[in-house]
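S.K.: Fold the following.
(2 chains)
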Amino acid sequence: DAGVIQSPRHEVTEMGQEVTLRCKPISGHDYLFWYRQTMMRGLELLIYFNNNVPIDDSGMPEDRFSAKMPNASFSTLKIQPSEPRDSAVYFCATNPGFGGEQFFGPGTRLTVL
Amino acid sequence: GQQVMQIPQYQHVQEGEDFTTYCNSSTTLSNIQWYKQRPGGHPVFLIQLVKSGEVKKQKRLTFQFGEAKKNSSLHITATQTTDVGTYFCALARDNQFYFGTGTSLTVIP
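M.R.: Okay, the predicted model is just below:
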């Protein structure tokens, strides 16, 4: 298995633009997590899915953020409209069972100008 | 908000010295995990502790879970430059997953 795949690896956009981050989980992993990492706030859980269903989105900062998991092989995190304070590294992580080892993707470094 | 505190936030050591990071929770934990993130990289799972007072070793790394299951520590003996990175504790509670604030380790050759 290639591990968790994220795209793009880097994204630079202007304020107000829509940004879509993508994640392909490890096959067979029922849980998928989206995290945001910044120097100020550390590693924050935004939302997680179990069997493609969103379970807890209490970490999503505001309505500009949305996440979907249309099938077991794909998830997206969308920011619309983006703002400079959204600049961060966004990680997708998956695991076969909640509470166990999480496997992280390489992350997407987002810069909003 | 952040519920898992780690100390210290930063640590600079001379190569060969030991290093310890501590993770503290205000509530009893069912288990705790440790991750390492290299500069520019992503968090990588190191270990999970479950039992009260548990001690696990991975080569030069020693992990401990407190007797009251409210704290944990990671100790590295004789650090090497390959140990550079940020070490995070992490835990699952109330169907949420929390990462600690992390300890950034710099090893001076």
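S.K.: Now for B:Leu91: which residues touch it?
M.R.: B:4, B:25, B:29-33, B:97-98 (CB atoms under 8 Å, 6 or more residues apart in numbering or on different chains). In short, each C-beta sits where N, CA and C put it, glycine included.
S.K.: can you pull up the bridge partners for it?
M.R.: With DSSP bridges as the criterion, B:Leu91 is bridged to B:Tyr98.
S.K.: The residue most central in space within chain A is in what secondary structure piece?
M.R.: With distances taken as CA atoms, centre = their mean, the residue of chain A nearest its centroid is A:Trp34 (3.4 Å). In the assignment (DSSP states H and E), A:Trp34 maps to strand A:31-38.
S.K.: Any buried residues in that strand, and which?
M.R.: By neighbour count on 16 or more other CB atoms under 10 Å in any protein chain shown, the buried set for strand A:31-38 is A:31-37.
S.K.: ok so, going back, just the buried residues of the contacts of B:Leu91.
M.R.: Counted by 16+ other CB under 10 Å, the contacts of B:Leu91 give B:4, B:25, B:29, B:31-33, B:97-98 as buried.
S.K.: nearest to chain A, of these?
M.R.: B:Phe97 (5.3 Å; CB to the nearest CB).
S.K.: which residues sit in contact with the closest one?
M.R.: A:33, A:45, A:48, A:98-99, A:102, B:90-91.
S.K.: per-residue confidence for it?
M.R.: Listed pLDDT for B:Phe97 reads 84.
S.K.: Could you do B:Gln2 as well?
M.R.: 48.
S.K.: Can you pull the residues of chain A lying near chain B?
M.R.: Residues of chain A lying close to chain B (CB under 8 Å from any CB of the partner chain) are A:33, A:35, A:42-45, A:48, A:55-56, A:58, A:91, A:93, A:98-107.
S.K.: of all the buried residues of strand A:31-38, which two lie farthest apart?
M.R.: Farthest apart among the buried residues of strand A:31-38 by CB to CB are A:Tyr31 and A:Gln37. That separation is 18.8 Å.
S.K.: If we ignore the residues flanking it in sequence, what's nearest residue 23?
M.R.: Looking at chain A here, since you left the chain open. A:Cys92 (3.4 Å; CB to CB, 6 or more residues apart in numbering or on different chains).
S.K.: Wait, chain B was what I had in mind.
M.R.: What sits nearest to B:Cys23 in space, not counting adjacent residues and going by CB to CB, 6+ apart, is B:Cys89, at 3.5 Å.
S.K.: Now for the one you found: which residues touch it?
M.R.: Shown in contact with B:Cys89 (CB under 8 Å, 6+ apart): B:4, B:6, B:23, B:32-35, B:72, B:74, B:99-100.
S.K.: can you give me the strands for the chain?
M.R.: Chain wasn't specified; assuming chain A. Here chain A has its strands, by DSSP state E, at A:5-7, A:10-13, A:19-24, A:31-38, A:42-50, A:53-56, A:65-71, A:74-79, A:88-95, A:103-104, A:108-112.
S.K.: I was after chain B.
M.R.: Under DSSP E, chain B gives strands at B:4-7, B:10-14, B:19-25, B:32-37, B:44-49, B:55-58, B:61-65, B:71-76, B:85-93, B:96-99, B:103-108.
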